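Novice: next comes the sequence, and after it the predicted model I'd like to discuss.
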Amino acid sequence: MLLGRVTGEVVATHKSSSHEGLKLLVVQTLELDGTERPGAPLIAVDSVGAGAGDRVLVTLDGWGAMTAVDRFPAPIDCAVLGVVDEVKVEGGDS
Amino acid sequence: MLLGRVTGEVVATHKSSSHEGLKLLVVQTLELDGTERPGAPLIAVDSVGAGAGDRVLVTLDGWGAMTAVDRFPAPIDCAVLGVVDEVKVEGGDS
Amino acid sequence: MLLGRVTGEVVATHKSSSHEGLKLLVVQTLELDGTERPGAPLIAVDSVGAGAGDRVLVTLDGWGAMTAVDRFPAPIDCAVLGVVDEVKVEGGDS
Amino acid sequence: MLLGRVTGEVVATHKSSSHEGLKLLVVQTLELDGTERPGAPLIAVDSVGAGAGDRVLVTLDGWGAMTAVDRFPAPIDCAVLGVVDEVKVEGGDS
Amino acid sequence: MLLGRVTGEVVATHKSSSHEGLKLLVVQTLELDGTERPGAPLIAVDSVGAGAGDRVLVTLDGWGAMTAVDRFPAPIDCAVLGVVDEVKVEGGDS
């Protein structure tokens, strides 16, 4: 899994039926200190009620993401799995 | 999933039978503000009737992509899943 | 899928039995205009009779690649799926 | 698999039920000489009792990671599989 | 698949039972001319009796790698599949 921050939401009226009713979050991956990493913004389905500003755990694995929202099989390859309370590392937690 | 823009189409007469009848879209991944990202152009099967210029949701997961066009198993690893209406982010939607 | 060009072939006498009888193509991924991209050369099994110089469609998905050559399960993760006739994009086809 | 070093732990109270009771390790991938590589910090489930400072084997494959902790299917895509005693390479072990 | 060179071996006494009895090779990916590419050193299970210095075919696909060593399911995501005799490319074989 990767650390990310929810920075927004995608609205798509015309989409695969597998995505109906799911919130599509925009997630930017993070360094341990909370700064945003370069790289494509990820569009993840939400499985835990996360929202803008939350620091989250995100999976990029297809099976994992489908399982997280209990839609299988489906064209879902990225999901938010948890809200991070704390990252404990040597040299200072964040 | 990633955000992308459909920029063209690939014509391949001689190909795997699994791809017969599917539209092969050229998709360039996007930043949140709609600018194109560097990286290889993706060749995605279309599952929603998308066309050139559309901002789209795209999956790079094999199972997901096969599921999107209901051809399983097949050598399909990338599919357009939705047309994006709006990306709502702090600091300005796009 | 990605666009690639077949630039050669790999000879490996001592290999997994799953690869017996398959042609192992060297494929370099391409930009839309046909120039070669940086990145590792891919070693792909051939499923369409492609040869050196051909512009091709290539998959990097395991299931997809195994399916393309109808050997399942097997340690095959990359396959050439089609020969590209034309890439139609705004600003000039190639 | 990749070589990594455990540098910390993630605390997430609100998360997928599949992750309950699992330790979420922060892992930074390594060069052969033990220096940290650039790239996103990985969040891996622990399957071998690894802790901060350990040099470890890590998998980024979904099926592999689920199997390592015997939770299947689950949105788990990264796991620590072993503690590395030694890396034997020409020019000096580490 | 990718081209690689075996540069060493990893010793891990404390590891997943799925890895017992398997040789864990350190593999660096290669350019066509045999020079080493940048990128993380891969830790691959051996399926063909490869050793230090060998130029090899390597897979990074989970299913493929498990299949190569006939351990399924297992947290194995990278395997050496063959020893390369020759890479035939325009402009000079290697």
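Specialist: Yes, it's here.
Novice: quick one, helices of chain A?
Specialist: Using DSSP state H, the helices assigned to chain A run over residues A:62-68.
Novice: where is the longest strand in it?
Specialist: Looking across chain A with DSSP state E, the single longest strand is strand A:2-11.
Novice: does any bit of that strand sit next to chain E?
Specialist: No. Using Cβ under 8 Å from any Cβ of the partner chain, we find that strand A:2-11 stays clear of chain E, coming within 15.8 Å at best. C-betas here are computed from N, CA, C, even on glycine.
Novice: how much does that strand deviate in direction from strand D:2-11?
Specialist: Strand A:2-11 and strand D:2-11 are oriented at 70 degrees to each other (axes from the mean of the first three to the mean of the last three Cα atoms, to 10 degrees).
Novice: got a list of what the residue of chain A at minimum distance from chain E touches?
Specialist: Taking Cβ to the nearest Cβ, chain E has its nearest neighbour within chain A at A:Asp61, 9.9 Å off. Taking Cβ atoms under 8 Å, 6 or more residues apart in numbering or on different chains, we find A:Asp61 in contact with A:77, D:62, D:65, D:75, D:77.
Novice: again with A:Val83
Specialist: For A:Val83, the contacting residues are A:48, A:50, A:54-57, D:12-15, by Cβ under 8 Å, 6+ apart.
Novice: go again using 6 Å as the cut-off
Specialist: Counting by Cβ atoms under 6 Å, 6 or more residues apart in numbering or on different chains, A:Val83 touches A:50, A:54, A:56, D:14.
Novice: roughly how far apart are it and A:Leu30?
Specialist: As judged by Cβ to Cβ, to the nearest Å, A:Val83 and A:Leu30 stand 13 Å apart.
Novice: which residue is the nearest non-sequential neighbour of A:Leu3?
Specialist: Distance criterion Cβ to Cβ, 6 or more residues apart in numbering or on different chains; nearest residue to A:Leu3, sequence neighbours excluded, is A:Leu30 at 4.4 Å.
Novice: I misspoke; the intended subject was A:Ser94.
Specialist: Closest residue to A:Ser94 apart from its sequence neighbours, by Cβ to Cβ, 6+ apart: A:Val87 at 5.0 Å.
Novice: now for A:Asp93, how many residues are close by?
Specialist: Look at A:Asp93: counted by other Cβ atoms under 10 Å in any protein chain shown, it has 12 neighbours.
Novice: please report phi then psi for it.
Specialist: phi -80, psi 170 (degrees, to the nearest 10).
Novice: quick one: contacts of stretch A:84-94?
Specialist: With Cβ under 6 Å, 6+ apart as the criterion, stretch A:84-94 contacts A:32-34, A:55, D:7-13.
Novice: at 8 Å instead, please
Specialist: Stretch A:84-94 is contacted by residues A:3, A:32-34, A:55-57, D:7-14, D:26, D:52 when judged by Cβ under 8 Å, 6+ apart.
Novice: my read: the residue nearest to A:Leu3 touches A:Arg37, true?
Specialist: Yes. Contact criterion Cβ atoms under 8 Å: A:Leu30 and A:Arg37 qualify, at 6.2 Å.
Novice: between the two, which one's more packed in?
Specialist: Taking other Cβ under 10 Å, A:Leu30 and A:Arg37 do not tie; A:Leu30 has more neighbours (22 against 16).
Novice: gap between the more buried one and chain B?
Specialist: A:Leu30 sits at a distance of 16 Å from chain B (criterion: Cβ to the nearest Cβ, to the nearest Å).
Novice: cool, A:Leu25 as well?
Specialist: A:Leu25 is 10 Å from chain B, where distance means Cβ to the nearest Cβ.
Novice: tell me the contacts of that residue?
Specialist: By Cβ under 8 Å, 6+ apart, the neighbours of A:Leu25 are A:6, A:8-10, A:43-46, A:50, A:80.
Novice: pLDDT value on it, please?
Specialist: We note a pLDDT of 98 for A:Leu25 in this prediction.
Novice: now the one 5 residues further on
Specialist: pLDDT for A:Leu30: 97.
Novice: which bits of chain A sit near chain B?
Specialist: A:7-16, A:18-19, A:24, A:26, A:40-44, A:52, A:62-63, A:65-66, A:73-78.
Novice: picking that back up, just the buried members of the contacts of stretch A:84-94?
Specialist: Among the contacts of stretch A:84-94, those buried by neighbour count (16 or more other Cβ atoms under 10 Å in any protein chain shown) are A:3, A:32, A:55-57, D:7-10, D:12, D:26.
Novice: so the nearest residue to A:Glu9 once chain neighbours are set aside versus D:Thr35, what's the distance?
Specialist: Nearest residue to A:Glu9, sequence neighbours excluded (Cβ to Cβ, 6+ apart): B:Lys88, at 4.9 Å. In this view, B:Lys88 and D:Thr35 are 41 Å apart by Cβ to Cβ.
Novice: show me where chain A has its strands.
Specialist: A:2-11, A:14-15, A:24-29, A:42-46, A:55-59, A:79-83, A:86-89.
Novice: neighbours of A:Pro75, how many?
Specialist: Neighbour number of A:Pro75 under other Cβ under 10 Å is 29.
Novice: also A:Gly49?
Specialist: If you count neighbours by other Cβ under 10 Å, A:Gly49 ends up with 10.
Novice: low-scoring stretches of chain A, by residue?
Specialist: Across chain A, not a single residue meets the criterion (pLDDT under 70).
Novice: closest to the centroid, which residue in it?
Specialist: Of all residues in chain A, the one closest to the mean position by Cα atoms, centre = their mean is A:Val80, 3.3 Å from it.
Novice: beta-bridge partners for that one, please?
Specialist: Bridge pairing for A:Val80 (DSSP bridges) gives the partners A:Asp46, A:Val58.
Novice: pretty sure it sits against A:Ser47.
Specialist: Yes. With contact defined as Cβ under 8 Å, A:Val80 reaches A:Ser47; the gap is 6.1 Å.
Novice: please tell me how far A:Gly39 sits from B:Gly39.
Specialist: Distance, A:Gly39 to B:Gly39, by Cβ to Cβ: 10 Å.
Novice: over to A:Leu3?
Specialist: Computed as Cβ to Cβ, the A:Leu3 to B:Gly39 distance reads 22 Å.
Novice: could you do A:Glu36 as well?
Specialist: Shown here: A:Glu36 relative to B:Gly39, a distance of 18 Å by Cβ to Cβ.
Novice: how close does whichever residue of chain A sits closest to chain D get to A:Leu3?
Specialist: Nearest residue of chain A to chain D (Cβ to the nearest Cβ) works out as A:Gly82 at 2.9 Å. With distances taken as Cβ to Cβ, A:Gly82 is found 10 Å from A:Leu3.
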